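predicted model and sequence below, questions to follow.
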Amino acid sequence: MRGLKIEVRGIVQGVGFRPFVYRVAREYGITGSVSNDSRGVTIHASGEGEQLYLFLNAIKNEAPPAAVVEEVNVFTEGRPSRYPSFEIAPSSADGGREVLVSPDIATCRECIAELFDPGDRRYLYPFINCTNCGPRFTIIAETPYDRPNTSMAKFTMCPDCAREYDDPSDRRFHAQPNACPACGPAVRLADRAGNTPGGDPVTRAAALLREGKIVAVKGLGGFQLACDATGDDAVAALRERKQRYSRPFAVMTATLEDAWRLCEIDEREADLLSGARRPIVLLREKEGSPISPQVAGGLAHQGIFLPYTPLHHLLVREAGIPLVMTSGNVSNEPIAIANDEALERLGDIADYFLLHDRDILVRYDDSVSRIFKGAEYPVRRARGYAPYPLRVRRRAGRTVLALGPELKNTFCALRGDLAFVSQHIGDMETADEVRHFEEALSAMRRLFSLSPEVVAHDLHPEYATTQMAPEFGLPVIGVQHHHAHVVSCMADRDLTGEVIGVAWDGTGYGQDGTVWGGEFLVADETGFRRGAHLYRYPMPGADACVHNLHRMAAGVMSGLFADPTDALERLRERIEIDDAEAESLLFQLRERVNTPMTSSAGRMFDAVAALAGVRDVALYDGQAACELEAIADGSGEYYDFLLDTSAEPWVVDTRPLFREVLVDLAAGTGAPEISAKFHAAMALAVVETCEALAEATGLDRVVLSGGVFQNELFGGWVVDGLASARLRPFVHRRVPCNDGGVSLGQAVVAAAKDRVS
Ligand code: ZN
Ligand code: ZN
Ligand code: FE
């Protein structure tokens, strides 16, 4: 007989881990106990050597689907505990500071089977769940994750549910949101006036959707707006009422088989689609897909996701059509979560409301993800992911709160080696969005007992988060935007020490009075040197260039032609620009009024899109680049560029590139080929600059970050090119490469600087 003490760390609470251990222990004749504690699960196990070995193996390899085993520490116990059997012992209440709660988990296979089983007592019950699935972060007010601390507190379990909850051999043992039609939450359908049409709410809502109506559905992390994804009129109405004119909508299908009819899906994408997190997955649409072309808004990729709550399963199956399922908000507002809030704010958008009485306590948008180079590549991290912490290699001394950037904001608290990156908050441009930030921050501080000691922020003086920083009354550390991008990718990939960091995005505050965004940094966690950057062009009208792309094209032309009058004349041969606008551009370029210089890579994509006639007015940042990517079609040729190493930092001169674009345009070359040659040139520029930097520094690890790396075509070529140049490229895997990942980098940089100071 031997005795072991086994500590298991990771997502091991609220996911059926103890009953699992209990079952395995009985199987191998192990005696002892299992209990929750403040850091995970602790097991005392006594048994024969061989049986103990098998038991330990099962713990490591057969954990329940929702569990994530991060660490298993095994200690030999001098005196094996003498239990007569194996038991589930009460939790030890030693503070609970480090208990990690699982994110929300999609309805599991067993629950779906019961949901559609006419003989089951939960047949068609929209709130069925078990220890392996169901809501978590969206219903929790306090830790530990016990029913009285959730929005299930107001529902008292009926005797049948209570029996399941108390029985260790039942798959609903300690399932906190356990409920049934007799005792749990219920759905109802309401029209705009709050009146309830007769009949079963879900059946009725499905029928209304088939008729082309827009229905607001109370989901897991907030309301969603649903309509028939195959109906042009329904989608157009939704766009008009939501004031969302071009950003793509996500589509929910009932099953993976249904999704296959719409999009190309490989094995990894299928796993991501049908996994427990259920993000919206960006996929290539199939030719002849019945989805209305208005849904994707002209982009090559379609966002598809599968039902993740029983209510979604019932609704989408009953509707029998793919449904647009998009955040329940008007543009630039946070997603609505409360019934009355939805009726008020979505009253002009939705025709009907599918409501229920289980409160959503924290707002979570749907997450967006994709597969890139064989693995997950997150785009927006929210429901199902956040704020479950990421483990980082370098521990923080004092706890850091990083406030994140202005757009696609997330914030991040770093305590020890755990980085709690918040859910996607949105753009911090309205009072409502700032309130969403504050709500999410106070929820996170409460749930994880976080007490920040240092605050990190972007250097941009006008960002809402920068202005917020001093209000905490703590030491503040400013972190340059692109340094944060690079270190974010390092932390994401467990890298420490010096790397070559490529940070290509739309915009970021430079320390030299220019707008950065095409940066090559030689960096580590504490600092960076700007190794190289893209050639700088003027941005006439500054931020106006982000929306009026011909303005950026004018800036580029003024880099090619010394005389601004010449530059504009040449531009007007290609793009129609009215006299007043031309006058204003000329004035700005000549006098350099409100015309900063920029090395932004994103703006270069904009300029090419404008010159090639792909898009002149962008309704959101990155729209033109996405469209340019979607049409690219070429023969492997690329444009020329020049790496100027005569002074530091080096400059990647793109003027030869744009001169060739003009030659192609004059020769009547089509936009698809221009786009392909441009993508290839930009990718090659990254590869060759990194090679030169590697030679100069002896470094071979290259981290790739910034929103431009959302471009699959460009990013793919960069990764392949670096690999064939015998460098080691690293892309993001756990947080987005876009500004949604910046807070993680800010936190790690601030912690490193804090340790040094
Ligand atoms: Zn389940
Ligand atoms: Zn019940
Ligand atoms: Fe950025």
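That came in fine, so what should we check first? Ligands and ions are numbered 1, 2, ... in the order given.

hey, let's count contacts and neighbours off CA atoms from now on
Fine.

what's the end-to-end length of stretch 181-188?
End-to-end distance for stretch 181-188, by C-alpha to C-alpha, to the nearest Å: 13 Å.

then stretch 661-678?
Termini of stretch 661-678 sit 8 Å apart (C-alpha to C-alpha).

buried residues of it, list them for me.
Buried residues in stretch 661-678, counting neighbours by 16 or more other C-alpha atoms under 10 Å, are found at Val661, Leu662, Asp664, Leu665, Ala671, Pro672, Glu673, Ile674, Ser675, Ala676, Lys677, Phe678.

A strand includes the second one, no?
Spelled out, that is Leu662. No. The assignment for Leu662 by DSSP: H, G, I helix; E, B strand; the rest coil gives helix, which leaves it out of any strand.

coming back round to it: so which of the buried residues of stretch 661-678 belong to helices?
Using DSSP state H, the subset of the buried residues of stretch 661-678 located in helices is Val661, Leu662, Asp664, Leu665, Ala671, Pro672, Glu673, Ile674, Ser675, Ala676, Lys677, Phe678.

per-residue pLDDT, the last one?
Same thing as Phe678. Looking at Phe678, its pLDDT stands at 98.

and what of the fourth one?
Each residue has a pLDDT score; the one for Leu665 is 97.

about what we covered before: need the ones in helices among the buried residues of stretch 661-678 in JSON lines with distance to Cys626, can you?
Formatted as JSON lines, those follow (distance: C-alpha to C-alpha, whole Å):
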{"residue": "Val661", "distance to Cys626": "19"}
{"residue": "Leu662", "distance to Cys626": "21"}
{"residue": "Asp664", "distance to Cys626": "21"}
{"residue": "Leu665", "distance to Cys626": "20"}
{"residue": "Ala671", "distance to Cys626": "14"}
{"residue": "Pro672", "distance to Cys626": "13"}
{"residue": "Glu673", "distance to Cys626": "15"}
{"residue": "Ile674", "distance to Cys626": "15"}
{"residue": "Ser675", "distance to Cys626": "11"}
{"residue": "Ala676", "distance to Cys626": "13"}
{"residue": "Lys677", "distance to Cys626": "15"}
{"residue": "Phe678", "distance to Cys626": "13"}
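
find the nearest non-adjacent residue to the residue in the stretch 501-650 of the chain that ligand 1 sits nearest to, please.
Going by C-alpha to the ion, ligand 1 is nearest to Cys626 of the stretch 501-650 of the chain, at 38.2 Å. Excluding the flanking residues, the one nearest Cys626 by C-alpha to C-alpha, 6 or more residues apart in numbering is Leu299, at 6.6 Å.

contacts only, for the one you found.
Pro248, Cys626, Glu627, Ala630 (C-alpha atoms under 8 Å, 6 or more residues apart in numbering).

didn't the third one look like it was pressed against Val614?
Yes. Counting by C-alpha atoms under 8 Å, a contact exists between Glu627 and Val614, whose distance comes to 7.5 Å.

my read is that Glu453 contacts Ala396, right?
No. Judged on C-alpha under 8 Å, Glu453 makes no contact with Ala396 at a distance of 10.8 Å.

compare neighbour counts for those two and give me the winner.
Ala396 (23 against 16; other C-alpha atoms under 10 Å).

per-residue pLDDT, Ser449?
For Ser449, pLDDT reads 87.

tell me what whichever strand or helix holds Arg239 is packed against?
Using DSSP states H and E, Arg239 falls within helix 232-242. Using 3 or more C-alpha pairs under 8 Å, 6 or more residues apart in numbering; DSSP states H and E, the elements in contact with helix 232-242 are strand 223-228, helix 293-296.

who does the first one pair up with?
Based on DSSP bridges, the pairing partners of strand 223-228 within the sheet are strand 215-218 (antiparallel), strand 323-327 (antiparallel).

what angle sits between it and helix 232-242?
150 degrees (axes from the mean of the first three to the mean of the last three C-alpha atoms, to 10 degrees).

use 42 as the first number from now on
From this message on, residue numbering opens at 42, which makes the last subject strand 264-269.

which residues touch strand 264-269?
250-251, 253-259, 275-276, 279, 362-370, 376-378, 383, 391.

quick one, domains of the chain?
43-129, 228-397, 411-534+780-797, 557-562+573-771 (automatic domain parsing).

so which of those domains is the most packed in?
Scoring the domains of the chain by mean neighbour count under mean count of other C-alpha atoms under 10 Å gives domain 411-534+780-797 as the most buried, with a mean of 22.

interface residues of the protein facing ligand 2?
Residues of the chain lying close to ligand 2 (C-alpha under 5 Å from the ion) are Cys199, Cys202, Ala220, Cys221, Cys224.

kindly recompute the last result at 6 Å.
Contact residues (C-alpha under 6 Å from the ion) of the chain with ligand 2: Met198, Cys199, Asp201, Cys202, Ala220, Cys221, Ala223, Cys224.

what's the closest of those residues to Leu683?
Taking C-alpha to C-alpha as the measure, Leu683 lies nearest Ala220 of the residues of the chain next to ligand 2, at 65.6 Å.

still on that earlier bit, which ones among the residues of the chain next to ligand 2 map onto helices?
Those of the residues of the chain next to ligand 2 lying in helices (DSSP H): Asp201, Cys202.

would you show me how to pick out the buried ones of the residues of the chain next to ligand 2 in PyMOL?
Here is the PyMOL command that selects the buried residues among those (16+ other C-alpha under 10 Å):
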select buried, resi 198+202+220+221
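
how about the residues of the chain next to ligand 2 in CSV, adding pLDDT?
Listed next are these as CSV, based on pLDDT from 0 to 100:
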residue, pLDDT
Met198, 98
Cys199, 98
Asp201, 98
Cys202, 98
Ala220, 98
Cys221, 98
Ala223, 98
Cys224, 98
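
would you turn the residues of the chain next to ligand 2 into a markdown table with distance to ligand 1?
As requested, the residues of the chain next to ligand 2 are exported to a markdown table (distance: C-alpha to the ion, whole Å):
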| residue | distance to ligand 1 |
| --- | --- |
| Met198 | 17 |
| Cys199 | 19 |
| Asp201 | 17 |
| Cys202 | 14 |
| Ala220 | 12 |
| Cys221 | 13 |
| Ala223 | 18 |
| Cys224 | 18 |
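
between the residues of the chain next to ligand 2, which is nearest Val520?
For these, the nearest to Val520 is Ala220 (47.2 Å; C-alpha to C-alpha).

with adjacent residues omitted, what lies nearest to the closest residue to ligand 2 within the stretch 642-791 of the chain?
Here the stretch 642-791 of the chain gets closest to ligand 2 at one residue, Arg775, 37.9 Å apart by C-alpha to the ion. Distance criterion C-alpha to C-alpha, 6+ apart; nearest residue to Arg775, sequence neighbours excluded, is Asp533 at 5.8 Å.

tell me the phi and psi of the residue in the stretch 342-491 of the chain positioned nearest to ligand 2?
As assessed by C-alpha to the ion, ligand 2 sits closest to Arg399 within the stretch 342-491 of the chain, at 14.5 Å. When read as degrees, to the nearest 10, the backbone of Arg399 gives phi -100, psi 120.

let me see the contact set for it.
Counting by C-alpha under 8 Å, 6+ apart, Arg399 has contacts Ser192, Met193, Pro226, Ala227.

Leu250 too?
Leu250 neighbours (C-alpha under 8 Å, 6+ apart): Val256, Ala267, Cys268, Asp269, Ala360.

my read: Arg456 touches Ala443, true?
No. In this structure Arg456 lies outside contact range of Ala443 using C-alpha under 8 Å: 11.3 Å.

low pLDDT regions in the stretch 42-191 of the chain?
Where the stretch 42-191 of the chain drops to pLDDT under 70, the residues are 121-122, 133-140.

can you show me the strands along it?
43-52, 72-78, 81-88, 109-118, 127-129 (DSSP state E, counting those that start in this stretch).

okay, helices next: where are they in the stretch 242-391 of the chain?
Remark: helices assigned in the stretch 242-391 of the chain by DSSP state H, counting those that start in this stretch are 242-251, 273-283, 297-303, 308-315, 334-337, 351-360, 380-386.

reformat those as CSV; add mean pLDDT.
Converted to CSV, the helices of the stretch 242-391 of the chain look like this (pLDDT from 0 to 100):
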stretch, mean pLDDT
helix 242-251, 98
helix 273-283, 96
helix 297-303, 97
helix 308-315, 97
helix 334-337, 94
helix 351-360, 98
helix 380-386, 93
